[in-house]
Structures are given as structure tokens and as C-alpha cells.
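Trainee: I would like the atomic coordinates for the input below:
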Amino acid sequence: MNRLRTLGRYWTRTWDLQYVTQTHTSFLTYPALVGASSTYRLPRWLSTSTEPANIEAVTKPKRKEWSSDRISNAQRGDGTSPRFYRRVEICESEDAKGYEILLDGRLLKTPGQKILILPTKALALAISAEWEWQVGQVIRPYTMPLMTLAATSIDRVPVRSDTIISDMLRFFHTDTTCCRDEPGSTLAKKQAELWDPLVEFCSDVLGTKLVTSHEFLGAEQSQETMAALERTLRTLTCFELAALDSLASVGKSTVIALCALKGKIGIEETVQACRLEENLQIEEWGLVEGGHDIDNTDVRVRVGAPMVFLQLVRHSS
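Mentor: Reported below is the predicted structural model:
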């Protein structure tokens, strides 16, 4: 019986992840993100209703606050938490340098007890939608990847930026796109076809040539390349660095992440670049149900969320 419950939670989470993939990518084209009305109409999750969701712009919020760590404090065994609010709104911050989210009139805080101040209206709307779309009386934190990235950008990146950059530099010598299979193999040909354009683009961005290798220990990049990469990483904002770090962790590749950051590749191309070897295995040996399909959905969410996040951060209201 316990095993059946575990499988049920597993498949429910997978089903939720599929909806996260579909709904978050729609933020990029939804008219509400470019509208100027005071009340923003966003579709409710899993609803065909055309009525506006409860996401409104207000000008004088109460200074009472809700902290998002209430989710973790009340988390159940299945990873969900009770919904503790009814209404979701957004407003400009007091210094007019960003946007805040209100739950029942209370300002939303990060798990680190900081006010969640977002750089663009588009990002505020998207994260508000994540809170609004929690169906019924349940909050599913794993369906809120934009909120997770925003909280990370505010709580962790400002104090850990040096560590994040240091780790990315340390693993750059073994970047996935620079470590190739033996020349002549089917995998090596596929790697060259899919990854060579990304390596060349990244070389142009850094102004120095990246080295690829089929050796077991990876490719030793030059000091000029490492210095150029560090300069590039240090020009990023906390929001951009959080998204880049999240993207790099998916495919174990800073090259793929940089290409996505600079707009060289879209979500689908990024997913294919990250899953090159897995997809080749599926072509040769077939898909393992309950394995490859779940991994594919998970990668799409982990790629789609930071890429949508990046575009919303840069969106001009």
C-alpha cells in the first residue's frame, strides 16, 4: 500500500510538471504582460474560464508581511502545503524601483525574510500567477519555479556570487560540450552537429577560442578564456546569474547556458543540447517508460523556467 501511495505521488508530480512546462512558456506571449491596464487578466490554471484572475495592481499596500517559508514550515509528506491566502495582487515598491507581490494585502517575503522585490512588472505578474494558480486549498512548491529563482536571486546570489562564479570556472574545463566521444563514432558526429555551433558562438562572445577534446580528463582551457569567462559572469545581475547557474546545472554546461542567456538558442534547442546523449540512447535502444519520459519532462521544466525567467527579467514594461 505504501508503495502504491508513493507511485501515486510520483505520477501526480509528473502530471503537474507537464502543466508547468506548458503554462510558463505561455508567459512570453500572453497579452497581459504588455498591457497597461490596472487589472491584469491572467488565465487560471486548469480552468477554461475567461474571467480575470485575482491579480490586481494596487497603490497603497499594507505593510504587514507574509513569508514564503510558511510553505516549508507546514509542508506535508507529499511535498504540498495548505493554501493560506485568498487574493493575489501586485504593486510598485516604495522606492518605485521594482514590483512587489501581496497575498491578502500582505507583502510577500522570501524564505530569507526579505521583501520579494522584482525588477519588472512582467516577472511580478508571472510569479503572481504561480501563487494564484495553486488549485483548491493546496500549494505545490514544485510548480513554482519562477518564485524559486526569484527567491534565490534575492536571498542567496548576493552573498554567494563569488562561490557561484568560482564553481562555474572550476568546472568549465570539463564542460559537457567540450568533452567529446572518440572521433568517428555516431555520438561524436552528433556532438559535432549539435554542439560545435554553440562552442563557436561562445568563443565569439568571450573573444577567445574554446578547446574541445576527446580525452577522459576533459579540455584544458587557456588562461585568456578563463579570464574572459570570469569577466562575462561578473557583468551579470543577481537575477541573471541565478538563471545562468540553474541552466548550467541542467546540462552540466556553461557553454549551453551562455548560448541560452545570449539568445542563440531557444527552449527546445536548449533541451535537445542538454539531452543529446540520452536522446541518442533512446534512438538506439528505445524509450524506457517511467524513466526517460519523466527525465525529459523534468529537463524541460528545469530549462524552460530559467529561460522564461530571463526574458521576464529583461522585459520592458
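Trainee: Poorly predicted segments of this protein, please.
Mentor: Counting by pLDDT under 70, the chain contains low-confidence residues at 1-78, 317.
Trainee: tell me, how many neighbours does the residue nearest to Met144 when sequence neighbours are not counted end up with?
Mentor: Distances taken as C-beta to C-beta, 6 or more residues apart in numbering put Glu130 closest to Met144, at 4.4 Å, once the chain neighbours are dropped. In short, each C-beta sits where N, CA and C put it, glycine included. By the measure other C-beta atoms under 10 Å, the count of residues near Glu130 is 25.
Trainee: Once you drop chain neighbours, what's closest to Ala305?
Mentor: Pro145 (3.5 Å).
Trainee: I misspoke; the intended subject was Gly112.
Mentor: Counting by C-beta to C-beta, 6+ apart, the nearest residue to Gly112 once its immediate chain neighbours are dropped is Asp155, at 3.5 Å.
Trainee: List the contacts of the one you found.
Mentor: 110-112, 114 (C-beta atoms under 8 Å, 6 or more residues apart in numbering).
Trainee: From those, keep the buried residues only.
Mentor: Neighbour counting over the contacts of Asp155 (16 or more other C-beta atoms under 10 Å) leaves 110-111 as the buried ones.
Trainee: would JSON lines of the contacts of Asp155 with secondary structure be doable?
Mentor: Shown next, in JSON lines, are the contacts of Asp155 (DSSP: H, G, I helix; E, B strand; the rest coil):
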{"residue": "Thr110", "secondary structure": "coil"}
{"residue": "Pro111", "secondary structure": "coil"}
{"residue": "Gly112", "secondary structure": "coil"}
{"residue": "Lys114", "secondary structure": "coil"}
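Trainee: and of the contacts of Asp155, the nearest to Ala150?
Mentor: Thr110 (7.8 Å; C-beta to C-beta).
Trainee: That closest one reaches Leu116, doesn't it?
Mentor: Yes. The pair Thr110 and Leu116 qualifies as a contact (C-beta atoms under 8 Å) at a distance of 5.5 Å.
Trainee: Quick check: Ile139 vs Cys259, distance?
Mentor: 34 Å (C-beta to C-beta, to the nearest Å).
Trainee: let me fix that: Ser246
Mentor: Per C-beta to C-beta, Ser246 is found 15 Å from Cys259.
Trainee: So between these two, which is more surrounded?
Mentor: Legend: neighbour count by other C-beta under 10 Å for Ser246 and Cys259, higher for Cys259 (24 against 21).
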